[in-house]
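A.B. asks: pasting a predicted model and its sequence here:
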Amino acid sequence: MKQRLTPYLYIAPHVVFFTMFIIVPLFGGVYISMHRWSIEHGREAFVGLKYYTRLFDPENFSRGIYFWKSLWVSCQFILYFVPPLLIISLLLALLLHHCKSKGLRMVAQFCILAPTAVAVSVSAVIWRWMLGYEAGVINYMLQFFGIAKIPWMADLPWAWFAIILPTLWMACGWSMVLFLVGLQTIPKQLYEAVQVDGANNLQQFFYITLPGLQPITMFILITQIIGAFSLFAQPQLLTAGGPGYATTPIMLYLYGEAFNGVYPRVGSSVAMALVAGMVVFSLVSTVYLLMGKRRDA
């Protein structure tokens with residue numbers, strides 16, 4: 001009897017936490033999304049699937065248009081942010097991996113990792129000071145060289161730079177560390193073998209380094225895609241989602257929908273969040289399957 005119960009005791013903590021923090025909130029969200037819900041009074045009326053169906057009828061539900069636009073903004077952020085993050089992090093990891101000076105490598109690692117300890121709000125204050133139109137440091141330097149000032153936080157495409165640059169500054173450190181660990185796990189014998197065959201540095205990178213880093217790359221890619229859909233503070237503090245709704249990601253839009261000062265729409269925002277969650281799950285699953293097939297090929 002004891003031997004039969006032992007495996008269940010081992011998995012019990014995971015089951016408890018999974019139920020508490022995944023299953024219960026998920027079904028609770030579904031329940032709220034099927035009711036007109038007030039922050040002050042709670043449940044007001046049962047609406048069924050109304051909040052879901054109208055999202056797919058934008059002609060009769062104008063806010064549904066903004067929902068899909070905000071979801072597309074989050075997808076745009078992934079396209080603009082994730083590839084540069086992977087490239088910059090990999091280049092930094094390669095430079096540190098081949099650095100001969102241990103002291104220089106440690107100082108460089110500290111400088112690159114330090115921004116990860118900075119709170120998003122503090123980072124936003126720093127970058128607002130740097131990107132300000134009238135008194136920003138970057139515009140001051142541009143004027144010094146005779147270049148016109150740029151409205152970094154008020155116009156496209158510059159508003160995207162105002163969001164992506166601080167996010168890269170904060171995110172590159174951890175990705176670099178992961179790539180650095182991956183580089184250290186690639187056997188040196190592989191490089192020695194291809195060097196004997198006459199492979200140059202570029203060939204070694206494409207045929208040894210990149211394949212060896214594929215599991216790490218897949219992990220970073222998937223986690224950053226998930227993280228990109230949770231983008232909130234940077235556009236809220238730097239561009240306020242503007243100009244218009246051009247930099248309003250899905251999380252910022254859901255926040256405005258749920259905590260609207262005039263008429264909070266909690267049930268509607270939860271329904272939107274669940275639909276957005278299904279989109280994220282589908283996208284991440286597709287990326288995982290595609291990269292998994294490529295790794296197995």
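C.D. replies: Looks like it came in fine.

A.B. asks: what are the boundaries of the strands in this structure?
C.D. replies: For the chain, the strands defined by DSSP state E cover 35-38, 42-46.

A.B. asks: out of these, which is closest to residue 115?
C.D. replies: Closest approach to residue 115 among the strands of the chain (CB to CB): strand 35-38, 38.7 Å. In this view, the C-beta of every residue, glycine as well, is placed from N, C-alpha and C.

A.B. asks: and the closest one, which strands flank it?
C.D. replies: strand 42-46 (antiparallel) (DSSP bridges).

A.B. asks: the nearest residue to residue 67 once chain neighbours are set aside: how many residues sit nearby?
C.D. replies: Of all residues not flanking residue 67 in the chain, residue 272 sits nearest, at 5.4 Å (CB to CB, 6 or more residues apart in numbering). Residues near residue 272, counting by other CB atoms under 10 Å, number 27.

A.B. asks: what sits against residue 272?
C.D. replies: Going by CB atoms under 8 Å, 6 or more residues apart in numbering, residue 272 touches 51, 55, 67, 250, 253-254, 257.

A.B. asks: if we can go back for a sec, out of the strands of the chain, which one sits most buried?
C.D. replies: strand 35-38 (a mean of 18; mean count of other CB atoms under 10 Å).

A.B. asks: so what touches that one?
C.D. replies: With CB under 8 Å, 6+ apart as the criterion, strand 35-38 contacts 43-47, 264, 266-267, 270.

A.B. asks: got a list of what residue 33 touches?
C.D. replies: Contacts of residue 33 (CB under 8 Å, 6+ apart): 51-52, 267-268, 270-271, 274.

A.B. asks: for residue 69, see how far away it is.
C.D. replies: Per CB to CB, to the nearest Å, residue 33 is found 20 Å from residue 69.

A.B. asks: grab the nearest non-local neighbour of residue 81.
C.D. replies: Nearest to residue 81 is residue 164, by CB to CB, 6+ apart, at 5.3 Å.

A.B. asks: residue 235 too?
C.D. replies: Using CB to CB, 6+ apart, the closest residue to residue 235 is residue 247 (4.9 Å).

A.B. asks: next, that neighbour: phi, psi?
C.D. replies: phi -120, psi 30 (degrees, to the nearest 10).

A.B. asks: what residues does it make contact with?
C.D. replies: 73, 159-160, 163, 235, 239, 241.

A.B. asks: dump these to a markdown table, plus distance to residue 207.
C.D. replies: Formatted as a markdown table, those follow (distance: CB to CB, whole Å):
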| residue | distance to residue 207 |
| --- | --- |
| 73 | 38 |
| 159 | 40 |
| 160 | 35 |
| 163 | 36 |
| 235 | 40 |
| 239 | 42 |
| 241 | 45 |
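
A.B. asks: tell me the one of those nearest residue 174?
C.D. replies: Using CB to CB, those come closest to residue 174 at residue 163, 18.7 Å.

A.B. asks: enumerate every residue touching that closest one.
C.D. replies: 77, 231, 234-235, 238-239, 247.

A.B. asks: gap between it and residue 146?
C.D. replies: Residue 163 is 27 Å from residue 146, by CB to CB.

A.B. asks: do the same with residue 157
C.D. replies: Relative to residue 146, and taking CB to CB, residue 157 is found at 22 Å.

A.B. asks: does residue 49 touch residue 56 like I think?
C.D. replies: No. Applying CB atoms under 8 Å, one finds residue 49 not in contact with residue 56, separated by 10.7 Å.

A.B. asks: from residue 249, how far off is residue 285?
C.D. replies: 21 Å.

A.B. asks: quick one: which of these two has more around it?
C.D. replies: More crowded of residue 285 and residue 249, by other CB under 10 Å: residue 249, with 26 against 11.

A.B. asks: I'd say the more buried one and residue 72 touch.
C.D. replies: No. Counting by CB under 8 Å, residue 72 is not a contact partner of residue 249; they are 9.6 Å apart.

A.B. asks: contact partners of the lowest-mean-pLDDT helix or strand in the chain?
C.D. replies: Ranking every helix and strand in the chain by mean pLDDT, DSSP states H and E puts strand 42-46 at the bottom, with a mean of 82. Applying CB under 8 Å, 6+ apart, the contact partners of strand 42-46 are 32, 34-38.

A.B. asks: 10 Å instead, please
C.D. replies: 31-32, 34-38, 266-267 (CB atoms under 10 Å, 6 or more residues apart in numbering).

A.B. asks: distance to residue 18 added to those residues, as TSV?
C.D. replies: Listed next are these as TSV, based on distance: CB to CB, whole Å:
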residue	distance to residue 18
31	19
32	20
34	23
35	26
36	30
37	26
38	30
266	25
267	26
